[in-house]
Every structure is written in C-alpha cells, then in structure tokens.
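Trainee: I'll drop the sequence and a predicted model, then ask my questions.
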Amino acid sequence: MKRSLSIYFFLPVFLLATACDLEQDIEVALPEHAPQLVVECYLQQGKTFKLAVTESASYFDDPELPLVPDAEAFITHNGRRIKLTYNPKIGENGTKYYTHSSTEIMQGKPGDIFGLEVFDKKGRKVTGFTKLLPTVSIEEVEWKFNDKEKAYLLTSFQDAPNVNNYYRYVTYIGKTSTKADRDFTLDDDLTDGKRTSIGSAYDYSRNDTIVVSLYHIEKQYYDFLGSVDDAKSANGNPFAQPSKIRSSVQGGIGIFTNLAYHRKTVIIK
C-alpha cells in the first residue's frame, strides 16, 4: 500500500517536470483563398427585384462587407432579360442589405421559371433558377392557456398530396419585431396530403400580438437553410464537423429562390 501511494504521489511531479517539453509550435500552410461571388436573392410577387452581391473573404481577413461594384445582375423570365442597377441600400425593415435592384415589379404565376445571371470584370459568373410555388394557406391559429396563464400556439394548414413539399414556419411577437420568436423548416415526409399542425410550448402571455408566417419553399432553399444552421452550430465548436453551405446557384455561393407565403396576425386573448 505504501509503495502504491508513493508512486501516485510522484506521478504529477513527473508530468509537471516534462510538460515543458511537450509544447511545440507548428506552422500550418493554408491554401491561398480565391474569392467567389456570393449572391442572395429572394423573389416576391408584387415586389421589385432586389439582390445582394458580395464576395467571399478569407477567415483571416478584416471584418468588412466585400462589395463588388462592377458586378452586373440580370433576372430572366419569359424571354426577357431585366437588368438590375447597382445601388446599395438597406431594406425597408432594416434587416436586409441589397446591392442591386430595379423599379420593375415582379409578376408571375405558380410554375413560372425565373433565372438569375451575375457576372463581373474578373470573369466570374453566377447563374441560378427558381420555380414559383403556390401559396399554402394557414387555415387556423389557435391557443390555449395553462393554469399559470401562459398560452401555447397551434397553427394548422393542409398539405397538398402526392408531391414533396417543404415549409418554413416563422413567428414574431409584436408587429414591429425584427427578431423571430420561432423559425424552422419542415417537410411532409410523414404528413403528405394531411392536415398538419405546428405547436409550441407555453411561451405566450395574454394580449401578446403574434405574427405567424408559413412559407412554401423549394427544396433548394430547404437544403440551403439546413446547411446554414449546421454551419452556425459548427462555428467555434471543436467537436462538430465542418459544414459547407449548400448553394442553389452555380459558379459561386448563395441562394436564388422565391418566397410564397401566407401570414396571419393574432392577439392572444
């Protein structure tokens, strides 16, 4: 017993004495970063065409918005090629930044195909396509209080049968809020053709104003959002696998899609 105790006593001392020899500086040769065009464009019925064009930056670059002033952008539809003007500005609600826009209003119908072309003087070119989806209506928004006067929310809609559907569900507390209370995506793998309900926890108080939005989205947007969430989760986490953004465009990074949504505003009473 005495021998074992003496061994355990001197073991930390031995490790402490040799720890200095375990430290070694290692130089890692990183490949040179080749900036790519980054595009973000969401088409909305009855709205003007807007998109943001920037370029990717190295992890070690100074934090700034890498604009591409010489980039040219076009939206194509039914044989037309609509040019967007470079005019950087913040969107109406202050949460989106756009670099290119037009005064023309988007007009289309479900099934229409819209194209995107972006290129610059360095020879880089980004293209993409989006197919307009029909709006899926929110049929009902219900709530129920528990004994602590907190309410849960239940949002119901009808899923179309025999087709793969994807959705984004977003709620805000207050009409002017810019930070979503809930924001997630779902598919209809288990609810094809069924009336679908989305519930919440008992998170709401009496007289809360809740803005509920149901987006009917393309699979390419569903995959993009999922990859963005994965990348956020992996950032700074030594135990997470690095995640690559799943773009819907070719020749660069980003998303080009359309937003078909139905929105309801309710007051919890």
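Mentor: Arrived safely, thanks for sending.
Trainee: what's near enough to touch Ile210?
Mentor: 141, 153, 171-173, 181, 204, 265-268 (CB atoms under 8 Å, 6 or more residues apart in numbering). Using the backbone N, CA and C atoms, a C-beta is placed for each residue, glycine as well.
Trainee: and the helices in this protein, which stretches?
Mentor: Assigned by DSSP state H, the helices in the chain fall at 2-18, 219-234.
Trainee: out of these, which gets the lowest mean score?
Mentor: The minimum mean pLDDT among those belongs to helix 2-18 (a mean of 43).
Trainee: mind checking which helix or strand of the protein has the lowest mean pLDDT?
Mentor: helix 2-18 (a mean of 43; mean pLDDT, DSSP states H and E).
Trainee: returning to that earlier point: which of the contacts of Ile210 count as buried?
Mentor: 141, 153, 171-173, 181, 204, 266, 268 (16 or more other CB atoms under 10 Å).
Trainee: which one of those is nearest Glu92?
Mentor: Tyr172 (15.2 Å; CB to CB).
Trainee: so how far is Ala151 from that closest one?
Mentor: 16 Å (CB to CB, to the nearest Å).
Trainee: show me what Glu40 is bridged to.
Mentor: Beta-bridge pairing of Glu40 under DSSP bridges involves Ala52, Ile255.
Trainee: on that earlier part again, need the max-distance pair from the contacts of Ile210.
Mentor: Asp181 and Ile267, at 14.7 Å, using CB to CB across these.
Trainee: right, and Ser213 touches Ala180 too?
Mentor: No: applying CB atoms under 8 Å as the test, Ser213 and Ala180 come out as separate, 9.1 Å apart.
Trainee: what sits against Phe114?
Mentor: Counting by CB under 8 Å, 6+ apart, Phe114 has contacts 43, 75-77, 108, 129-130, 132, 258.
Trainee: again with Val38
Mentor: Val38 touches 52-56, 252-254, counting by CB under 8 Å, 6+ apart.
Trainee: and what of Gln220?
Mentor: 130, 248, 255, 257.
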